[in-house]
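>>> next comes the sequence, and after it the predicted model I'd like to discuss.
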Amino acid sequence: MSTSHESATARGEARHALPGLPMMLLKAVPTMIRRKGPESEPEDITFHFSVDPIEQAHLLRYHNAFQGFSSDIPLTYLYLIAQRAHLAAMLDERFPWPILGMVHVANKMVLSAPILKKTPFQLKVHIRMPERAATRKRVRPIYEVLFYQEGTLRAQCISTYQVGAGEPPLKGRKRSIPAPDLTDYEHTALWQMSSELGRSYANLSGDYNPIHLHPWLSRWFGFERPIIHGMYSVAYAQAELERHLNADVTTMDISFRRPLILPAEAAFHYRCNNDHGELMVTDAKAQRAYLDGTFVIKNNKKDNS
């Protein structure tokens, strides 16, 4: 199979081992001081990384944190690798904005071929810069991570981030948003989400963004209390879907509508027609949506090797 990824070395594009998160997080702190945004239109950035095979003990911890997965390697687990690639790319001097406080606003993940459990990954990471990034107030770069094993594209993750965390709305600019339409949705679970959840998921995922950890840290970025990681809720949703539908989720396309501030109660809803469906996470009274999106399932599962 011929791919653009396979020709990366021939074009002279270096492939580096993907660093671990702890050291990268320490390097992210100085970007709060050094980076003030682009002075001119920033250019897209592309990287190639190699990644060790999945660590089975960590994968087991992930399964234990979200009871219900039928997938051996859940789609959302791959995001933990993708977020490391995001951070490694953002540490490059060509990335113009501070890293801490970046807010995840949308995420799409697609499984293209079975993941090989004992095989390393090769990643291609492309950060697409938005037009007029130097002047727009709400800037949203898009990160695409392609997962290859043995020269075959196995999965892709497309993430949209917003530069700068939660800003309070201007006075007089608040708008009333109607309650979400849950016609034909099934209500499957009420999630009890404690104040400690952000820190416990940070320990599992490696994502120690301050907006998730402690009130006095999250206040620096416009939140009165910590908010839960968006991908925690997506992983929880995948586990619920797989438990109820007895099938593997192979695609998830999610929009994060508003931050879920801890502690909280959240309700999970879904509807499914054949192998396609929609999902939503709301507050306990279903008056406002925290996230929504679509998913695809696959029933004819095969063993990974």
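Yep, it's here.

>>> only C-alpha atoms for contact and neighbour calcs from this point on.
Fine.

>>> and for residue 120, the neighbour number?
Look at residue 120: counted by other CA atoms under 10 Å, it has 16 neighbours.

>>> so how far is residue 17 from it?
11 Å (CA to CA, to the nearest Å).

>>> any regions of the stretch 151-300 of the chain where pLDDT drops low?
When residues are selected by pLDDT under 70, those of the stretch 151-300 of the chain lie in 165-176, 210-224, 300.

>>> same thing but 90
Of all residues in the stretch 151-300 of the chain, those with pLDDT under 90 make up the ranges 162-178, 188-189, 193-199, 201-203, 206-230, 259-262, 264, 299-300.

>>> and residue 233, which of the three is it?
Counting by DSSP: H, G, I helix; E, B strand; the rest coil, the backbone at residue 233 sits in helix.

>>> what residues are up against it?
Counting by CA atoms under 8 Å, 6 or more residues apart in numbering, residue 233 touches residue 281.

>>> looks to me like residue 158 is in a helix.
No. Looking at residue 158 with three-state DSSP, it is strand, so not inside a helix.

>>> leaving out the residues flanking it, which one is nearest to it?
residue 144 (4.5 Å; CA to CA, 6 or more residues apart in numbering).

>>> and for residue 236?
Closest residue to residue 236 apart from its sequence neighbours, by CA to CA, 6+ apart: residue 66 at 5.9 Å.

>>> run a quick neighbour tally on that neighbour.
Neighbourhood size, residue 66 [other CA under 10 Å]: 15.

>>> could you pull out the strands for this protein?
15-17, 45-51, 103-111, 121-128, 142-149, 152-162, 186-193, 248-256, 264-273, 276-283, 289-298 (DSSP state E).

>>> among the ones you listed, which is nearest residue 71?
strand 248-256 (5.3 Å; CA to CA).

>>> paired strands for that closest one, with orientation please.
Using DSSP bridges, the strands paired with strand 248-256 are strand 103-111 (antiparallel), strand 289-298 (antiparallel).

>>> just send these back as a markdown table, with mean neighbour count and distance to residue 197 too.
Putting the strands paired with strand 248-256 into a markdown table (neighbours: other CA atoms under 10 Å; distance: least, CA to CA, whole Å) gives the following:
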| stretch | mean neighbour count | distance to residue 197 |
| --- | --- | --- |
| strand 103-111 | 21 | 18 |
| strand 289-298 | 20 | 16 |
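
>>> want to try TSV for those, with distance to residue 152 as columns?
TSV is the format used below for the strands paired with strand 248-256 (distance: least, CA to CA, whole Å):
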stretch	distance to residue 152
strand 103-111	12
strand 289-298	20
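
>>> re earlier: thought residue 155 was touching the residue nearest to residue 158, still the case?
No. Contact criterion CA atoms under 8 Å: residue 144 and residue 155 do not qualify, at 10.7 Å.

>>> before we move on, back to that, how about the contacts made by the residue nearest to residue 158?
By CA under 8 Å, 6+ apart, residue 144 lies in contact with 124, 125, 126, 127, 128, 156, 157, 158, 159.

>>> now do it against residue 249, distance only.
Following CA to CA, the distance that separates residue 144 from residue 249 is 20 Å.

>>> my read is that residue 156 contacts residue 147, right?
Yes. Using CA under 8 Å, residue 156 is in contact with residue 147, at 5.9 Å.

>>> comparing the two, which residue is more hemmed in?
Using other CA under 10 Å as the criterion, residue 156 and residue 147 rank with residue 147 on top: 28 against 24.

>>> okay, and the beta partners of the closest residue in space to residue 157 that isn't next to it in sequence?
Among residues not flanking residue 157 along the chain, residue 109 sits closest, at 4.5 Å (CA to CA, 6+ apart). Here residue 109 sits in beta bridges with residue 157, residue 252, as judged by DSSP bridges.

>>> sorry, back to before: tabulate the strands of the chain in CSV, adding columns for distance to residue 79.
Listed next are those as CSV, based on distance: least, CA to CA, whole Å:
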stretch, distance to residue 79
strand 15-17, 17
strand 45-51, 13
strand 103-111, 8
strand 121-128, 12
strand 142-149, 9
strand 152-162, 7
strand 186-193, 21
strand 248-256, 11
strand 264-273, 21
strand 276-283, 19
strand 289-298, 16
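
>>> to residue 93, which of the ones you listed lies closest?
By CA to CA (comparing all of the strands of the chain), the closest turns out to be strand 45-51, at 10.6 Å.

>>> quick check, pLDDT for residue 101.
Note on residue 101: pLDDT of 66.

>>> check contacts around the most centrally placed residue in the chain.
Centroid-nearest residue in the chain: residue 231, 4.9 Å away (criterion: CA atoms, centre = their mean). Counting by CA under 8 Å, 6+ apart, residue 231 touches residue 76.
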